[in-house]
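Trainee: I would like to see how this sequence folds:
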Amino acid sequence: MLEVIIQRSLDIVDRTERLVEKARRLIGSGSLDDVEVYRIHTEIERLTDLVFIMDDAARLLRRTFEQRPEMARAYPAHVTLQ
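Mentor: Just a heads-up that it's a prediction; the model follows:
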């Protein structure tokens, strides 16, 4: 169960990174007005911050449970979802 949570989190990180890159290309195309560019740029910054946090958290969770597999048995999956 924990491996599924970790893998799905990393999948979300990858998909979000691709979305950010597409948005940056859209901004660079020059087809948006200044207000739209500002709004997208602001959202990109927020998403980028979130991606870094999620990526670090998922990788830390994976390392923790790889190094201490007994913790996976001690802590039920529902606790990790809270």
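
Trainee: which residues touch Thr16?
Mentor: By Cβ atoms under 8 Å, 6 or more residues apart in numbering, the residues touching Thr16 are 47, 50-51, 54. (Glycine included, C-beta is placed from N, CA and C.)

Trainee: go on, Ala23?
Mentor: Residues counted as contacts of Ala23 (Cβ under 8 Å, 6+ apart) are 40, 43-44.

Trainee: that one sits in which helix or strand?
Mentor: Under the criterion of DSSP states H and E, Ala23 resides in helix 2-29.

Trainee: retrieve the pLDDT associated with Asp14.
Mentor: Looking at Asp14, its pLDDT reads 88.

Trainee: what of Met1?
Mentor: 64.

Trainee: before we move on, what about Ala74?
Mentor: At Ala74, the model reports a pLDDT of 65.

Trainee: over to Gln82?
Mentor: 43.

Trainee: what's the first helix or strand after the helix holding Ala23?
Mentor: Next along the chain from helix 2-29, counting by DSSP H and E, comes helix 34-67.

Trainee: that following helix packs against which elements?
Mentor: helix 2-29, helix 70-74 (3 or more Cβ pairs under 8 Å, 6 or more residues apart in numbering; DSSP states H and E).

Trainee: can you say which of the ones you listed is packed in most?
Mentor: helix 2-29 (a mean of 13; mean count of other Cβ atoms under 10 Å).
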